[in-house]
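Colleague: Quick one, structure for this:
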Amino acid sequence: MLVAAAVCPCPPLLVPDVAAGAAPELDAARAAVTDALGVLAASRPDLLVVVGPAGKSGRGPHPEGTRGSFSGFGVDLDVCLGRPAAGDANRDTDGAGSGSPERGLPPSLAVAAWLLERTGWSDAPVEGLGVGEPLEAERCVETGARIGGRAGRVALLVMGDASACRTLKAPGYLDERAEAFDAEVARALGAADVAALKALDIDLAYELKAAGRAPWQVLAGAAEGAGLGGALLYDDAPYGVGYLVAAWS
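Modeller: Below you'll find the predicted structure:
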């Protein structure tokens, strides 16, 4: 059963080494993420599942010990999802996943791994799941429900950005619909409104380049019937991209 969740943005810029001179600009977001991860630790889960957006090569399960790298962003920095597996950092030790040992973490899960390492996570085993933008809402919800039943006490770390169309200089340029979309997502995350997350407009999310849509709907499926409350810890749009941090418990 889901006992806690943390919702975090997933830009590699959260990692100071990647952000370089711009690192202080996201200090408030990092502080909020640290608080959200504290809620996960306080829930004493039996299993932590990290869910984040991924391209085709990164979709599917990523077992504990899978490695990730920020070399694609010009930084010589490697991370590991949870504890390294004995003998092989990418080996699936419990048979629960089907990740290929040759592939590493997608960027969203690499950011999550860095966050967990930064906060010294050692409270429970960790698994990752990369979800693709095309995944329908129904399948997201079904996936979340399965995750929620994986252990007696399950926690979720949900990675994903809101719209990328908040300003003229945003990656998706300015779209007048973006601010209202982000405001509704922020409200739903702050209120732990499962029904509102399930009802997010998939086409609109795609047009606004909201990478968190599918992970948020996985969260909705996992939280169905769990009776969790929510708190919105951060809501801003640096660089024209909506970054949201929330904690459910």
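Colleague: Quick check: which ranges of the chain have low pLDDT?
Modeller: Counting by pLDDT under 70, the chain shows low-confidence ranges at 86-102.
Colleague: quick one: the longest helix seen in it to chain centroid distance?
Modeller: Ranked by residue count under DSSP state H, the longest helix found in the chain is helix 27-42. In terms of C-alpha atoms, centre = their mean, to the nearest Å, the centre of helix 27-42 is found 13 Å from the chain centre.
Colleague: following it, which helix or strand shows up next?
Modeller: Past helix 27-42, further along toward the C-terminus, the next helix or strand under DSSP states H and E is strand 47-53.
Colleague: The helix or strand following that following strand pairs with which strands?
Modeller: Counting by DSSP H and E, the next helix or strand C-terminal to strand 47-53 is strand 60-62. Partners of strand 60-62 in the sheet, by DSSP bridges, are strand 126-131 (antiparallel).
Colleague: can you give me the angle the following helix or strand past the partner strand makes with strand 47-53?
Modeller: For strand 126-131, the succeeding helix or strand toward the C-terminus, using DSSP H and E, is helix 137-148. Here the directions of helix 137-148 and strand 47-53 differ by 160 degrees (axes from the mean of the first three to the mean of the last three C-alpha atoms, to 10 degrees).
Colleague: Show me the contact partners of helix 137-148.
Modeller: For helix 137-148, the surrounding residues in contact (C-beta atoms under 8 Å, 6 or more residues apart in numbering) are 1-2, 49, 51, 129, 131, 135, 154, 156, 198, 200, 202, 214-215, 217-224, 226. Every C-beta, even on glycine, is put in place using the N, C-alpha and C of the backbone.
Colleague: Just list whatever residues bridge to the residue nearest the centre of the chain.
Modeller: With distances taken as C-alpha atoms, centre = their mean, Met159 lies nearest the centre of the chain, 1.2 Å away. Legend: beta-bridge partners of Met159 under DSSP bridges are Cys8.
Colleague: Sweet, I'm off.
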